[in-house]
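Participant: can you look at this prediction? I've put the sequence above it.
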Amino acid sequence: GRLIGSPVVHTWILTHIEPASQYYNKDDPAKNHQYVTFDERASQLRRLAEQGFDRVYVHLDGWGFRGYDNLHPDILPPCPDAGGWEGMKRLADACDELGYVFAIHDQYRDFYLDAKSYDPNLTILDREGQRPFHSIWYGGKQSVLCPRLAPGHVHKNYTWLLDHGIKVRGAYLDVFAVIPPDECYNPDHPLTRTDCLRYRGMCMDFIRSTGGVVSSEEPADWSVSHLDLVHHGPFALTPGPGEGPAMGIPVPLFNLVYHDALLLPWSMGRGPWGIPETDLGYLHGLANAGMPYLSESPGKEEAEQVRTMCALNQRVGLLEMTNHEFLDDSFRRQRTTFADGTTVTIDLDKDTFEVTPGLPSADNRRMMKYSPRSAEDAAAWQKQVRAKLSARMKIDDLIQTKAKIPLNPQKLSATTKGSYTVEEFEIGSTPGRRIRIVVTMPASQNGPCPAVVCIGGHGSDLYSPYTLETVARNPEKAAVDKRYYRGFG
């Protein structure tokens, strides 16, 4: 339920590019190693929560020891420079507190030659007994792990993460859904293509068995029953695969079949990866009622577009797409229809759209609205609301540390009024803020006594509880209140 109506924040920790990689930057070597700490990412997510994004799916790249696409399948421990085990745990805990789903990028096909477990006898062999090698990706020299061995590595790594208290709520198993199945002719671990898909499915199913969201790169029919989400559903482009003009006329064939079974995020700009170069990804995302990608620091326009897509996805994200039609001979005006009757009409030349029935305006979208749910989900909702409220009140840091704030009282004044004394103090309410309070004590009291804490409402001041004027301003209600309310004076 927490995925529907959520944007996707696709972010990273460490980018490290080995000299052997085709991506290695010889002109500016400093660009081959860049990182952001886990705590910095947590702070960015808290700022998103302050902007009103109460549910987000967080996809984290490059969290492993040497970063994105390095050392697989032996990626642990988490990046030491970014905070290591404790830093990653703090980020995962922050996501939990905010009600965000914390998911990580992972890879169990690429087998890097400098991985701890690398053994040439564990790679696949082709019909001729040859072992595949290349150095395309960031981690440099690599082969291909035999799929029979992948489930063991998945179990090892995720058990290790969970044992360290890192609440991983989902995993993206790179390339499993998009790369055609492998064969292996190694006599020690022979494998057919059917076997390969079975072992890939076992890896995905293990993530689901831990309660995690399962995702991969692009949708393929065989993988739908194992997946919750795929990160790319590109149209056919030329020269492709991810950029250029469309090959032919794009039609959402996959969503016409699988819209109610699989969630698909969409980039928002013009001609992003997988979208024809002349088209706004935002419009295709709306036509497909998909999830939007959200940057770590969105501007006003992006935030509004994301909220619009989220509202539509919340309404029809789990419903069948029942129809897609072209509305004129240009094929640029299109309409999709969903099982509840919702229609989305887009004009790719005018950059316009219409959703019928209309979506609520941004001002009328109640954040964190409660709806009937299980006791467990209600407790989770309560935790999320408290986390967001504390963030809005700027006290989330105090709640996280759970440190006691020393009052350090300073007496400002004292007055005796017959049978009691009135003393005004200044006390510490946060490490950087002090407030004034009034303490009223019986003049004859020595030692401890019961106390009442009175917190003023709108329009009151420190001394409002001590006057008869502190009653309802409505004359009739004031007359009634005065029979019961006498103040403390």
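Facilitator: Arrived safely.
Participant: helices of the stretch 51-200 of the chain, start to end?
Facilitator: For the stretch 51-200 of the chain, the helices defined by DSSP state H, counting those that start in this stretch cover 84-98, 150-163, 193-209.
Participant: just the CA coordinates for the longest one, please, in CSV.
Facilitator: Presented in CSV, the C-alpha positions along helix 193-209 are these (Å, rounded to 0.1, in the frame of the first residue of the first chain):
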residue,chain,number,x,y,z
ARG,A,193,17.9,-20.9,-19.9
THR,A,194,14.8,-22.2,-18.1
ASP,A,195,17.0,-23.0,-15.1
CYS,A,196,18.4,-19.4,-15.3
LEU,A,197,15.0,-17.8,-15.1
ARG,A,198,14.1,-20.1,-12.2
TYR,A,199,17.2,-19.0,-10.2
ARG,A,200,16.6,-15.4,-11.0
GLY,A,201,13.0,-15.8,-9.7
MET,A,202,14.4,-17.4,-6.5
CYS,A,203,16.5,-14.4,-5.8
MET,A,204,13.5,-12.1,-6.3
ASP,A,205,11.3,-14.3,-4.2
PHE,A,206,13.8,-14.2,-1.3
ILE,A,207,13.6,-10.4,-1.2
ARG,A,208,9.8,-10.7,-1.1
SER,A,209,10.0,-13.3,1.7
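Participant: mind listing what's buried in it?
Facilitator: Judged by neighbour count using 16 or more other CB atoms under 10 Å, the buried positions of helix 193-209 are D195, C196, L197, R198, Y199, R200, G201, M202, C203, M204, F206, I207. (Glycine included, C-beta is placed from N, CA and C.)
Participant: in CSV, list these along with distance to S143 and pLDDT.
Facilitator: CSV is the format used below for the buried residues of helix 193-209 (distance: CB to CB, whole Å; pLDDT from 0 to 100):
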residue, distance to S143, pLDDT
D195, 19, 98
C196, 15, 98
L197, 20, 98
R198, 21, 98
Y199, 17, 98
R200, 17, 98
G201, 22, 98
M202, 21, 98
C203, 18, 98
M204, 22, 98
F206, 23, 97
I207, 24, 96
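Participant: any weak-confidence spans in the protein?
Facilitator: For the chain, the stretches with pLDDT under 70 are 1, 362-373, 457-460, 466-489.
Participant: farthest from the middle of it: give me that residue.
Facilitator: Residue distances from the centre of the chain (CA atoms, centre = their mean) peak at G418, which lies 60.6 Å from the mean C-alpha position.
Participant: separation between the closest residue to it other than its chain neighbours and K417?
Facilitator: Excluding the flanking residues, the one nearest G418 by CB to CB, 6 or more residues apart in numbering is A443, at 7.5 Å. Taking CB to CB, to the nearest Å as the measure, A443 falls 8 Å from K417.
Participant: T421: which element?
Facilitator: Element membership for T421, per DSSP states H and E: strand 420-430.
Participant: partner strands of the following helix or strand past that strand and their direction?
Facilitator: Where DSSP H and E defines the elements, the next helix or strand beyond strand 420-430 is strand 433-442. Applying DSSP bridges, strand 433-442 is found paired with strand 420-430 (antiparallel).
Participant: thinking again about what came up before, and for the strand holding T421, what's in contact with it?
Facilitator: Strand 420-430 has contacts (CB atoms under 8 Å, 6 or more residues apart in numbering) with 395, 398, 405-416, 434-443, 462, 466, 488.
Participant: write a PyMOL command that selects only the buried members of these.
Facilitator: Here is the PyMOL command that picks out the buried ones among the contacts of strand 420-430, judged by 16+ other CB under 10 Å:
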select buried, resi 398+437+438+440+466
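Participant: the residue nearest to G418: what's it in contact with?
Facilitator: Applying CB under 8 Å, 6+ apart, the residues near A443 are T416, G418, S419, Y420, T421.
Participant: and it, its phi and psi?
Facilitator: phi -60, psi -30 (degrees, to the nearest 10).
Participant: likewise N323?
Facilitator: The phi and psi values for N323, taken as degrees, to the nearest 10, are phi -160, psi 150.
Participant: what's the burial count for the nearest residue to it once chain neighbours are set aside?
Facilitator: With CB to CB, 6+ apart as the criterion, N323 has its nearest non-adjacent residue at 4.1 Å, and that residue is T337. Neighbourhood size, T337 [other CB atoms under 10 Å]: 18.
Participant: ok, what's across the strand from T337?
Facilitator: With DSSP bridges as the rule, T337 is bridged to N323, T343.
Participant: that one contacts M321, doesn't it?
Facilitator: Yes - contact criterion CB atoms under 8 Å: T337 and M321 qualify, at 7.3 Å.
Participant: re the thing from before, next one: the strand holding T421 to chain centre, how far?
Facilitator: 43 Å (CA atoms, centre = their mean, to the nearest Å).
Participant: just stretch 385-396 next, same as before
Facilitator: Here stretch 385-396 is found 18 Å from its chain centre; the criterion is CA atoms, centre = their mean.
Participant: go through that stretch and flag the buried ones.
Facilitator: Under the neighbour-count criterion of 16+ other CB under 10 Å, stretch 385-396 has A387, K388, S390, A391, D396 buried.
Participant: tell me the one of those nearest L264?
Facilitator: Nearest to L264 among the buried residues of stretch 385-396, counting by CB to CB, is K388 at 27.4 Å.
Participant: may I have stretch 2-11 as CSV, with CA atoms only?
Facilitator: Provided in CSV are the C-alpha atoms of stretch 2-11 (Å, rounded to 0.1, in the frame of the first residue of the first chain):
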residue,chain,number,x,y,z
ARG,A,2,2.9,2.4,0.7
LEU,A,3,4.0,2.3,-3.0
ILE,A,4,0.8,3.4,-4.5
GLY,A,5,0.8,7.2,-4.9
SER,A,6,4.5,7.5,-4.1
PRO,A,7,7.2,9.2,-6.1
VAL,A,8,10.5,7.5,-6.6
VAL,A,9,13.7,9.3,-5.4
HIS,A,10,16.6,7.6,-7.2
THR,A,11,19.8,8.7,-5.5
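Participant: which one of the helices of the stretch 51-200 of the chain lies nearest to Y172?
Facilitator: Nearest to Y172, of these and by CB to CB, is helix 193-209 at 9.4 Å.
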